[in-house]
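>>> What shape does this take:
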Amino acid sequence: MHAQSFYILFIILLFKTTTCEKDINSTINELIHIIADYQVLKPRNYTPPVRWEEDLGLYRSEIRINIAGNPAVAELRKNEFVYVFDNNIFATGWILTTLLEANMYGNTPLTIDAERLSLTLDTIAAFHNHNDAENNCNMQFWSQMYNETTKTWISTPINVRSLIVNLDGNLSELERLLKLIGLENAAQLIDIILVQSKTFLDAFEIPADFDDTYLNIGLGATLKMIQNQYPSAYKQWLSSNKNFKKLCNDTVKYAYHPTSSQIDQNTIDPRTYFWLRDFLHDYIEKQKKNPILVTTWIQNITEVRTQAAKGVKMPFNLNNVDVTVSANVLYGITSAILNQVEDFPLYFNNDMQDLYESTGALIAWAIINNMKDRPDLAQVYYPSTYNFLWYASRTLFILERARREQQKYPVVFDTVYDLLADAYRNHVLIIFKNTVHIDDDSLYYFEDFLGTNDTNIFDKQTPTGEDRLFSTAQAVNVLLASFTSFNSTIKQLQWIKTSSISDVKVIVDKCVQWLLKNIFSNKYKPYNCFFSGSVKGFDQLPFWYPANLYQFINGTTFDPDHIVVDNPTLENTICGVQGLIDENEYNRMIEQTHFNVSTPTTFNGYNQPKNEFPFWSSQPYTYSSTLLALAQYNNIEKQ
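Coordinates of the predicted model:
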């Protein structure tokens, strides 16, 4: 009797295991095909009012408006036809990275063929900064157009530019099309577009940035690691990526050195100083050395004074520190050195090592201190917390492998490893335990903010969960990067033995089952917020935060209390924090007004009334992040 019962139980367990493996394998296969369908294989030009230009080789990325409310209002955000196709490199770079890493670390069929990969690399190569003849490593978020008048290459989101330039002549046709697709609040959306158009116009002028630049460096390291699968891809990438010496020099040159005597190094966006000033004071006191932090833009104050008039300028004419940018630079440096990307390791000098250590310490500090409750300022361009956490966890993942394989690397890597290991294996796990949601089937999921404040027609809060798929997939990727190590001998992931590993396994298991249940259910939109402008509303404008440097772009000073907020000249000002400010003095400055406006000291979320803002979403990025999560889960060594 007992033997018969055991046999029946064995058959049931075998059936469940086989069914689960079948579900995950079939889901992985379907995801690979879906992602491939989102790549542009036939380019097309812009035709007014809403036939968008699509550049060859890019994966689909959309600009949408974040607005929360009743079903009619929420439709302005989530309607499948209400978007602007955006030709940026950031989404495509990450989609390609996740596809390749799914092959490297996961159990999956080939995720992209050699021909598609070559096409994508050609596309990415077109996003190098043409204004810098010496350094073709520097990358732009958008491709550039040449301005014959100024003899300058200008970064341009072509579809937004075309929409705004042609807006006045196409308003009636645009409103007709919006009503045709059943959008009740077409007039409201047009009003929002008109208001936001100035924000978009400012975005036309951005310089090269370290985020896309080091995303591309990390991609190069990945291509070198998988030369057995794609023999010519790394050489193709190298053909358009050279002069790593200048890249490293620029990384330090444009970094934030708060104790420097030079204005180009010691002056930062007042929003940045507001959230990380405690880190600066703590680091100097405990480490007995001065921090050097990676910034967003490859431009400084001296350069913006001359380049702004030519159409190349940082937003608000000043650099900032974004932890997501920091995470991507940290990974790019780490992977380039561990994988010996040409002569990059030769230029990891003392300044670069100080920058590496400071930036790693900042990331760990930001996680442990919950970004001082100001994610809107700490992740100023990249609101998705789960995305940031995954980017930073990738450095921990490759350092863990290097340590286990006893690879030689700079001593500072161990310092950063210890910082990240503590942050992720203790604090991030606690964060996840406190933020996880449980559905009716006792499965786990995570969410960020898209649709969380929507209401029904009776004004009752009814979340729509538009970023649940993406957030849950990235949460799995974070945990796998933090609590597994890749064994290159058996080519599988292995759990790291920690006291909390059983809790981690439960979260991962239940999240994976939730993804398998929902990824194709049509219950949730596959949206995300991988990028946004730095201003999500009135409270995120830099002018309201304490500063001690007020200059017009030509270098003359001004009194902020004698300039009205809507003065057009405000666009040509530099309002920053120069050097370090005594904390007692800074607290007094917080109590004062700036431009006659009080400092916003709290953050109440991204879905506040009348705070609509544009955000960038990519459906194939959601699918590729899910593919990576499932492929890696499918490749964990059975114990």
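
>>> and stretch 511-528, how far apart are its ends?
End-to-end distance for stretch 511-528, by C-alpha to C-alpha, to the nearest Å: 17 Å.

>>> outside of that stretch, which residues touch it?
The contact list for stretch 511-528 (C-beta atoms under 8 Å, 6 or more residues apart in numbering) reads 23-24, 27, 30-31, 64, 78, 384, 387, 439, 441, 443-446, 448, 450-451, 464-473, 475-476, 617-619, 621-623, 626, 629-630, 633. Where you see a C-beta, it was placed from the backbone N, CA and C, and this is true even at glycine.

>>> ok, now with 6 Å
Here stretch 511-528 makes contact (C-beta atoms under 6 Å, 6 or more residues apart in numbering) with 23, 27, 78, 443-445, 450, 465-470, 472, 476, 617, 619, 622, 626, 633.

>>> Stretch 541-553 now?
Contacts for stretch 541-553 (C-beta under 6 Å, 6+ apart): 267, 269-271, 274, 305, 308, 316-317, 535, 557-558, 560, 572-578, 589-590, 594-595, 597, 599-600.

>>> Against residue 291, how distant is residue 302?
Using C-beta to C-beta, to the nearest Å, residue 302 is found at 22 Å from residue 291.

>>> more neighbours, these two?
Ranked by neighbour count (other C-beta atoms under 10 Å), residue 302 and residue 291 place residue 291 first, with 23 against 12.

>>> Now do the same for the more buried one: helix, strand or coil?
Taken by DSSP: H, G, I helix; E, B strand; the rest coil, the conformation at residue 291 corresponds to coil.

>>> Pull the contacting residues for it.
283, 358.

>>> let's see it at 8 Å
By C-beta under 8 Å, 6+ apart, residue 291 lies in contact with 256-258, 279-280, 283-284, 354, 358, 361-362.

>>> Next, count neighbours for residue 549.
For residue 549, the count of nearby residues is 18 (other C-beta under 10 Å).

>>> okay, and for this structure, where does confidence drop off?
By pLDDT under 70, the low-scoring segments of the chain are 1-22, 135, 168-175, 177-187, 194-204, 567-568.

>>> and it, what are its domains?
62-109+123-151+200-234+244-536+606-633, 545-598 (automatic domain parsing).

>>> So for residue 54, which of the ones you listed sits nearest?
For residue 54, the closest of the domains of the chain is domain 62-109+123-151+200-234+244-536+606-633, at 5.9 Å, according to C-beta to C-beta.

>>> For residue 160, find the nearest of the domains of the chain.
Nearest of the domains of the chain to residue 160, taken as C-beta to C-beta: domain 62-109+123-151+200-234+244-536+606-633 at 4.7 Å.

>>> Adding distance to residue 176, write the domains of the chain out as CSV.
Formatted as CSV, these follow (distance: least, C-beta to C-beta, whole Å):
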stretch, distance to residue 176
domain 62-109+123-151+200-234+244-536+606-633, 13
domain 545-598, 33
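
>>> just those: most buried one?
Ranked by mean neighbour count, the domains of the chain are led by domain 62-109+123-151+200-234+244-536+606-633 with a mean of 20 (mean count of other C-beta atoms under 10 Å).

>>> now it, how far from the chain's geometric center?
Going by C-alpha atoms, centre = their mean, to the nearest Å, the spacing between the C-alpha centre of domain 62-109+123-151+200-234+244-536+606-633 and its chain's C-alpha centre is 4 Å.

>>> got the contact list for stretch 587-600?
Counting by C-beta under 8 Å, 6+ apart, residues outside stretch 587-600 touching it are 274, 538-540, 543-547, 560-561, 563-565, 581, 601.

>>> same thing with stretch 433-444?
Under C-beta under 8 Å, 6+ apart, the answer for stretch 433-444 is 445-447, 472, 503, 507, 510-511, 513-514, 517.

>>> Show me those residues that map onto strands.
residue 445 (DSSP state E).

>>> of the contacts of stretch 433-444, closest to residue 70?
Residue 70 lies nearest to residue 447 out of these, by C-beta to C-beta, at 19.7 Å.

>>> Any idea what the nearest residue to residue 144 once chain neighbours are set aside is bridged to?
Closest residue to residue 144 in three dimensions, ignoring its sequence neighbours and counting by C-beta to C-beta, 6 or more residues apart in numbering: residue 153, at 3.9 Å. Beta-bridge pairing for residue 153 (DSSP bridges): residue 146.

>>> Tell me who's in contact with residue 153.
Counting by C-beta under 8 Å, 6+ apart, residue 153 has contacts 129-131, 144-147.

>>> So residue 230 sits against residue 114, correct?
Yes - at 5.6 Å, residue 230 counts as touching residue 114 under the criterion of C-beta atoms under 8 Å.

>>> of all the contacts of stretch 587-600, which two lie farthest apart?
564 and 581 (25.8 Å).

>>> on that earlier part again, which of the contacts of stretch 511-528 fall in strands?
444-445, 617.

>>> ok, of these, which one's closest to residue 137?
Nearest to residue 137 among the ones in strands among the contacts of stretch 511-528, counting by C-beta to C-beta, is residue 617 at 27.9 Å.

>>> And the helix or strand containing residue 390, what does it pack against?
Using DSSP states H and E, residue 390 maps to helix 385-404. Here helix 385-404 touches helix 323-338, helix 350-368, helix 412-422, helix 468-483, strand 484-487, going by 3 or more C-beta pairs under 8 Å, 6 or more residues apart in numbering; DSSP states H and E.

>>> at 6 Å instead, please
Taking 3 or more C-beta pairs under 6 Å, 6 or more residues apart in numbering; DSSP states H and E as contact, the helices and strands that helix 385-404 lies on are helix 323-338, helix 412-422, helix 468-483, strand 484-487.

>>> I'd assumed residue 575 was in a strand, is it?
Yes - with three-state DSSP as the criterion, residue 575 is part of a strand.

>>> Now it: closest residue in space, sequence neighbours ignored.
Per C-beta to C-beta, 6+ apart, closest to residue 575 is residue 547, 4.8 Å.

>>> Please apply the same query to residue 399.
Spatial nearest neighbour of residue 399, chain neighbours left out: residue 417 (4.5 Å); criterion: C-beta to C-beta, 6+ apart.
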